[in-house]
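Enquirer: Sequence plus the predicted model coming up.
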Amino acid sequence: MKTLKCSDVGFDCAAVVTAETVEEVLAQAAAHAQKVHGVPVTPEMAEEIAEKIQEK
Ligand SMILES: [Zn+2]
């Protein structure tokens, strides 16, 4: 499983996104950032976020 902590991306947030693939984590993270933080994820941000994804 791929895991991404929202706090690792720089938000003061306890949310954790887990999914089978990097693409799915990015999709969920983008939806979360938009909905919860009101932040649209740019391609540049998506690249940074992808580097924070951990294998668990
Ligand atoms: Zn968050």
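Expert: In hand now; what should we look at?

Enquirer: Please, where are all the strands along the chain?
Expert: Assigned by DSSP state E, the chain shows strands spanning 2-5, 16-19, 54-55.

Enquirer: Settle this for me: residue 6 is touching residue 25, isn't it.
Expert: No: using CB atoms under 8 Å, residue 6 is not in contact with residue 25; the gap is 11.3 Å. For glycine as for every other residue, the C-beta is placed from the backbone atoms N, C-alpha and C.

Enquirer: Out of the strands of the chain, which one sits most buried?
Expert: strand 2-5 (a mean of 18; mean count of other CB atoms under 10 Å).

Enquirer: about what we covered before: identify the contacts common to residue 6 and residue 25.
Expert: Residues touching both residue 6 and residue 25 (CB atoms under 8 Å, 6 or more residues apart in numbering) are residue 17.

Enquirer: picking up where we left off before, output the strands of the chain as a markdown table; include the columns mean pLDDT and distance to the ion.
Expert: Shown next, in a markdown table, are the strands of the chain (pLDDT from 0 to 100; distance: least, CB to the ion, whole Å):
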| stretch | mean pLDDT | distance to the ion |
| --- | --- | --- |
| strand 2-5 | 98 | 9 |
| strand 16-19 | 98 | 9 |
| strand 54-55 | 96 | 16 |
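
Enquirer: Turn the ones you listed into CSV, columns for distance to residue 40.
Expert: Formatted as CSV, the strands of the chain follow (distance: least, CB to CB, whole Å):
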stretch, distance to residue 40
strand 2-5, 17
strand 16-19, 17
strand 54-55, 24
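
Enquirer: Alright, calling it a day.
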